[in-house]
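**Student:** turn this into a model:
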Amino acid sequence: MGGPRVSPLARSLSLALLGLLVGSVLPAADDHGLGFVVPEPLSPDPAPLELQLVHSLMDIRDGRLDEALDHAAEVTRRRPDFSLAQLVYGDVLSALTDPLAAFGQAVPPAAVNGLRDEARARLGRYLEAPPAGAVPGDLLRLPPGTGAALLIDLERYRLFVYEQRDGRLVQAADYYVSIGKGGVEKRREGDEKTPVGVYLVSSYLPGDELPDLYGVGAFPLTYPNGWDLRRGRTGSGIWIHGTESDRYSRPPKSSRGCVTLSNADFDALGRRVEVSRTPVVVGRSLEWVAPEVAAERRRALEAAIESWRRDWESRDAERYLSHYAADFQSGGMDRAGFAAHKRRVNAGKRYIRVDLDEIGIYSYPGEPDLVLVDFVQSYASDDFRARRRKHQYWRLEDGTWRIVLETGA
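**Tutor:** A predicted model of the protein is given here:
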């Protein structure tokens, strides 16, 4: 049972190998007398390669080196450019043939560190999966015509795909990703950090029109957005893109601020992305909540938005302006300038009609009590008509939601 017998020396080495590889992420085999069982994928989309590699690592922990070797060999056979799998395979082989061999002996220390970090990140996806039945707290409402949203957990190096199905949000896929060398919360040009915020996929760039660095393609994001600009953040060129043709994946922190996937994962992701429609929520650490908690938040925001719309139609400028925070900004105007403009405009109208379509609502990562509302606004009055997309940033102040920033999308 449990695989072939292994000498104490080989078992000791195999456990040391795993300890070097995954550190404190992986529980001991007999921790509290309980073994750890690798769960099945959260969805059918995660690469079976990754799951097979995780099984290999668990076999190492339990001293089943023959099984570990078989799993690792299969991964390397299918993807010879999967560096982490090659390292695991090589060291398991060494443990079986030369029990005194050192982990990663033939690999430069810096490369071992990067692969060890990748192993931790990939294992973390199985050891710290979102709670069963929970939904992402940042994704409160997707526009009806938007099929999917992307959520990126920067501390866990994971990209989750959520789709709308029969009025419910359902996790459709998740992928290991790499982020900026500088870490998270981009603030300035050249800091090599990945931004935190809510963005849209702005375009698609095919790989045959890009340097090999970007792999099979890229999805540029709308960084910096209005909130980034208000906060004085600089930089540009934040993309989701593939990986160089000679490597399967990268270490967790290896880009200049972009989010990178394996080329196979990028292709799979691309089938779900819609340019100018797919929202991308990028957080330091995603929040997972019960569906009823998310629903309650959504209803409160929807009520505030509807009250703002009705008060605009009322032409009562003071009721309308009560929805705007004291530090509100829009189009170069502060609240005082905006209020004067709206009082003047409303006074000359016989009627105002405002309709909102394609409403999306997203809690803003890293900003307590801030929400981005994305919608298409149709405005009509006795002398003017317009239809345009808007972004509004709402903040909870003393129990009341108010608008702090309004921009065109």
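**Student:** spatially central, which residue of this protein would that be?
**Tutor:** Central residue of the chain (Cα atoms, centre = their mean): residue 152, 0.7 Å from the mean position.
**Student:** backbone dihedrals for that residue, both of them.
**Tutor:** phi -120, psi 120 (degrees, to the nearest 10).
**Student:** what sits against it?
**Tutor:** Residues near residue 152 by Cβ atoms under 8 Å, 6 or more residues apart in numbering: 158, 159, 160, 177, 259, 280, 281, 282, 283. For the C-beta atoms, the positions are set from N, CA and C on the backbone; glycine is no exception.
**Student:** now with 6 Å?
**Tutor:** Residue 152 makes contact with 159, 259, 282 under the criterion Cβ atoms under 6 Å, 6 or more residues apart in numbering.
**Student:** just the buried ones from those residues?
**Tutor:** 159, 259, 282 (16 or more other Cβ atoms under 10 Å).
**Student:** tell me the SS of the first one?
**Tutor:** If I follow you right, that is residue 159. Here residue 159 is recorded as strand under DSSP: H, G, I helix; E, B strand; the rest coil.
**Student:** quick check, it in contact with residue 178.
**Tutor:** No. Using Cβ atoms under 6 Å, residue 159 makes no contact with residue 178, being 10.4 Å away.
**Student:** quick one: the helices in the stretch 201-350 of the chain?
**Tutor:** Taking DSSP state H, counting those that start in this stretch, the helices of the stretch 201-350 of the chain run over residues 226-230, 263-270, 291-313, 317-321, 335-347.
**Student:** contacts for the second one next, please.
**Tutor:** Translated: helix 263-270. Residues contacting helix 263-270 (Cβ under 6 Å, 6+ apart): 175, 215, 216, 242, 243.
**Student:** again, 7 Å this time
**Tutor:** 45, 47, 161, 173, 175, 215, 216, 217, 241, 242, 243, 261 (Cβ atoms under 7 Å, 6 or more residues apart in numbering).
**Student:** over to the fourth one?
**Tutor:** With contacts defined as Cβ under 7 Å, 6+ apart, helix 317-321 is touched by 311, 312, 339, 342, 343, 346.
**Student:** what do you get for stretch 343-362?
**Tutor:** With Cβ under 7 Å, 6+ apart, stretch 343-362 has contacts from 138-146, 198, 279, 281, 298, 301, 309, 312-313, 315, 317, 371-382.
**Student:** so which of these sit within helices?
**Tutor:** Counted as lying in helices by DSSP state H, out of the contacts of stretch 343-362, are 298, 301, 309, 312, 313, 317.
**Student:** can you redo these as TSV with neighbour count?
**Tutor:** Below are those laid out as TSV (neighbours: other Cβ atoms under 10 Å):
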residue	neighbour count
298	16
301	21
309	18
312	21
313	16
317	18
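**Student:** list just the nearest of the contacts of residue 152 to residue 66.
**Tutor:** Among the contacts of residue 152, residue 159 lies closest to residue 66 (Cβ to Cβ), at 34.1 Å.
**Student:** from residue 259, how far off is that closest one?
**Tutor:** 7 Å (Cβ to Cβ, to the nearest Å).
**Student:** what do the two both touch?
**Tutor:** Shared contacts of residue 159 and residue 259, defined by Cβ under 7 Å, 6+ apart, comprise 152, 177.
**Student:** so where is the stretch 1-150 of the chain shaky, pLDDT-wise?
**Tutor:** Scanning the stretch 1-150 of the chain for pLDDT under 70 picks out 1-47, 98-111.
**Student:** show me where it has its helices.
**Tutor:** So, for the stretch 1-150 of the chain - with DSSP H, counting those that start in this stretch - the helices run 8-22, 48-61, 65-78, 83-97, 109-127.
**Student:** could these be laid out in CSV, adding distance to residue 253?
**Tutor:** Formatted as CSV, these follow (distance: least, Cβ to Cβ, whole Å):
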stretch, distance to residue 253
helix 8-22, 17
helix 48-61, 19
helix 65-78, 23
helix 83-97, 15
helix 109-127, 7
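**Student:** list the contacts of residue 192.
**Tutor:** 180, 181, 182, 256, 257.
**Student:** one more pass at 8 Å, please.
**Tutor:** Residues counted as contacts of residue 192 (Cβ under 8 Å, 6+ apart) are 180, 181, 182, 255, 256, 257.
**Student:** can you check residue 294 too?
**Tutor:** 135, 136, 137, 139, 140.
**Student:** any chance of JSON lines for the helices of the stretch 1-150 of the chain, columns distance to residue 358 and mean neighbour count?
**Tutor:** Below are the helices of the stretch 1-150 of the chain laid out as JSON lines (distance: least, Cβ to Cβ, whole Å; neighbours: other Cβ atoms under 10 Å):
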{"stretch": "helix 8-22", "distance to residue 358": "44", "mean neighbour count": "18"}
{"stretch": "helix 48-61", "distance to residue 358": "35", "mean neighbour count": "21"}
{"stretch": "helix 65-78", "distance to residue 358": "42", "mean neighbour count": "20"}
{"stretch": "helix 83-97", "distance to residue 358": "41", "mean neighbour count": "22"}
{"stretch": "helix 109-127", "distance to residue 358": "32", "mean neighbour count": "19"}
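**Student:** what's the closest of these to residue 226?
**Tutor:** With Cβ to Cβ as the measure, helix 109-127 is the member of these nearest residue 226 (31.5 Å).
**Student:** now residue 291: closest residue in space that isn't a chain neighbour?
**Tutor:** Spatially, and ignoring its direct neighbours in sequence, residue 291 is nearest to residue 135 (5.3 Å; Cβ to Cβ, 6 or more residues apart in numbering).
**Student:** thank you kindly, that will do.
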